[in-house]
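Q: got a structure for you, letters missing:
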């Protein structure tokens, strides 16, 4: 199983929300903001990975986003080819 996946990120973000709501010892707002900023960057990289996956029709190299196993009955999407310039 891959470490540091999108599921892990979600768990950290939910833990941050829970820590902010702790009546006895709430997390500092600045720390929660820093966690959210880092999460935003991770999400941005995941968006790029998904876009690349869509463009080339291949599987991304990382395991950050869980994908179903390739299905032999579903043909792979061909990679986009650049247009010829006349």
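A: Received, thanks. Bear in mind that the values here come from a model prediction, so they are computed numbers and not experimental data.
Q: neighbours of residue 16, just the number please.
A: The tally of other residues near residue 16 (other C-beta atoms under 10 Å) stands at 18. Where C-beta positions appear, they are placed from N, C-alpha and C, glycine not excepted.
Q: tell me who's in contact with it.
A: Neighbouring residues of residue 16 by C-beta atoms under 8 Å, 6 or more residues apart in numbering: 27, 32, 35-36.
Q: how does it look with 7 Å?
A: 27, 32, 35 (C-beta atoms under 7 Å, 6 or more residues apart in numbering).
Q: among these, pick out the one closest to residue 21, please.
A: residue 27 (9.0 Å; C-beta to C-beta).
Q: sec struct for that closest one, please.
A: coil (DSSP: H, G, I helix; E, B strand; the rest coil).
Q: low-confidence regions, this protein specifically.
A: Low-confidence segments of the chain (pLDDT under 70): 1-2, 59-61, 67-86.
Q: still on that earlier bit, just the contacts of residue 16 now: which is nearest residue 17?
A: Once C-beta to C-beta is applied, the member of the contacts of residue 16 that ends up nearest residue 17 is residue 32, at 8.4 Å.
Q: quick one: that closest one and residue 20 touch, right?
A: Yes: using C-beta atoms under 7 Å, residue 32 is in contact with residue 20, at 5.5 Å.
Q: looking at those two, which one has more neighbours?
A: Higher neighbour count among residue 32 and residue 20: residue 32, with 16 against 13, using other C-beta under 10 Å.
Q: re earlier: any chance of a markdown table for the contacts of residue 16, columns distance to residue 62?
A: Output for the contacts of residue 16, formatted as a markdown table (distance: C-beta to C-beta, whole Å):
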| residue | distance to residue 62 |
| --- | --- |
| 27 | 29 |
| 32 | 26 |
| 35 | 21 |
